[in-house]
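Chemist: generate a structure from the sequence data that follows.
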Amino acid sequence: MLEEVERWLIDRSWSVADRPLHRILAAKRATGQTVSVVLPALDEEATVGEIVSVIRHDLVLQVPLVDEVVVVDSGSTDRTAEVAAAAGATVVHRDAILPRIPAVPGKGEVLWRSLLVTRGDIVCFVDADLREFSSDFVSGIVGPLLTEPDVHLVKAMYDRPLGSAAGQGGRVTELMARPLLNMHWPQLAGFVQPLGGEYAARRGLLEQLPFPVGYGVELGMLVDALHLVGLDALAQVDVGVRKHRHQDGQALGRMAAAIYRTAQLRLARGHLIRPSLTQFERTGDNFEPRTYSVDTEERPPMAEIAEYQARRVA
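Modeler: Below you'll find the model as predicted:
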């Protein structure tokens, strides 16, 4: 590990307990900054309502840390939108945001569009499939952005159990993302959960970043933020344990392919081929190939979008 990263782990890795809520609130009042929480959601009716309820109860009603909670529905076929709205979130459908640019499927697409329907100076992203959710996930990663003016992006770090096996979640992180980062961007080797979906950043940074439309968004954002603001502007906070719905092996394969392609584009900055991934499923006595395109499209920095520029002027 680089000496720079060893120092960073001491200076920029914290615990949620390091910043009590009263200290975070005092910093919020002193700076006048506002906080938006965004949940990208696709068929998450089983969990999204509880997450919204906890955030609103703990960080809106009891303690005024969060100014808005927005769920961006990316085409759910269940009751995700109704459940989220009943819990008190503002719900916006992905396709209703920036309709002149047709939406494509993908988590990064939803996060990118969310910048147009939120107002916070600090934007906090939280996955909508978390179970046993604690508001520490929000206050923990928002806290450093309010108390440390030189910090621009904060990732949550946590234990990720897989069933009853402690620490065995995050398979794509260990098999794909961590090797890529250590080999090509060793300054980012200190991040415990580089692909984690819980992170917060200053709007001024987010609006300057391109957003891979799919699963590569977290790795792409981390690499691009490193180049834009430097390692010392990035941080991580330990928030405990993250429990969520795990995907099957083939879905993880598609995720890994998208992440690899995101890294490849950042290394080469050019589309070498139109990549695809072929996997196999048994049907009767045979293995049938299933070929999937690997999402390579990226949205430009939001600061370049005319509608976003017009909103800032207004």
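
Chemist: give me the number of residues near Gly108?
Modeler: Gly108 is flanked by 26 other residues according to other C-beta atoms under 10 Å. The C-beta positions use only the backbone N, C-alpha and C, and glycine is treated the same way.

Chemist: that one contacts Phe211, correct?
Modeler: Yes: assessed by C-beta atoms under 8 Å, Gly108 is found in contact with Phe211 at 4.7 Å.

Chemist: joint contacts of these two?
Modeler: 217, 220, 298-299 (C-beta atoms under 8 Å, 6 or more residues apart in numbering).

Chemist: among these, which are in strands?
Modeler: 298-299 (DSSP state E).

Chemist: which among the shared contacts of Gly108 and Phe211 gets closest to Pro194?
Modeler: Nearest to Pro194 out of the shared contacts of Gly108 and Phe211 is Gly220 (C-beta to C-beta; 10.9 Å).

Chemist: might one say that that closest one is in contact with Gln264?
Modeler: No: counting by C-beta under 8 Å, Gly220 stays clear of Gln264, with 11.0 Å between them.

Chemist: among the two, which residue is more densely surrounded?
Modeler: Set Gly220 next to Gln264 and count neighbours by other C-beta under 10 Å: Gly220 wins out with 24 against 20.

Chemist: residue contacts, the more buried one?
Modeler: 108, 209-212, 262, 266, 298.

Chemist: a markdown table for those, including distance to Arg254?
Modeler: Formatted as a markdown table, the contacts of Gly220 follow (distance: C-beta to C-beta, whole Å):
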| residue | distance to Arg254 |
| --- | --- |
| Gly108 | 14 |
| Leu209 | 23 |
| Pro210 | 21 |
| Phe211 | 18 |
| Pro212 | 14 |
| Thr262 | 13 |
| Arg266 | 19 |
| Glu298 | 17 |
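
Chemist: which one of these has the most neighbours?
Modeler: In terms of neighbour count, Pro212 stands highest of the contacts of Gly220 at 30 neighbours, by other C-beta under 10 Å.

Chemist: does that residue really touch Val110, like I thought?
Modeler: No: under the criterion of C-beta under 8 Å, Pro212 makes no contact with Val110, lying 12.0 Å away.

Chemist: A strand includes Gln279, no?
Modeler: Yes: per DSSP: H, G, I helix; E, B strand; the rest coil, Gln279 lies within a strand segment.

Chemist: so how far is Gly88 from it?
Modeler: 40 Å (C-beta to C-beta, to the nearest Å).

Chemist: got the contact list for Arg178?
Modeler: Neighbours of Arg178 in contact, by C-beta under 8 Å, 6+ apart: 189, 194.

Chemist: can we see that at 6 Å?
Modeler: Neighbour list for Arg178: empty [criterion: C-beta atoms under 6 Å, 6 or more residues apart in numbering].

Chemist: so it, which of the three states?
Modeler: Classified using three-state DSSP, Arg178 is helix.

Chemist: pretty sure Met302 is in contact with Tyr308, am I right?
Modeler: Yes: counting by C-beta atoms under 6 Å, Tyr308 is a contact partner of Met302 at 5.0 Å.

Chemist: tell me which of these two has more neighbours.
Modeler: Neighbour count, other C-beta under 10 Å: between Met302 and Tyr308, Met302 has more, with 22 against 15.

Chemist: before I go, just wanted to say thanks for your time.
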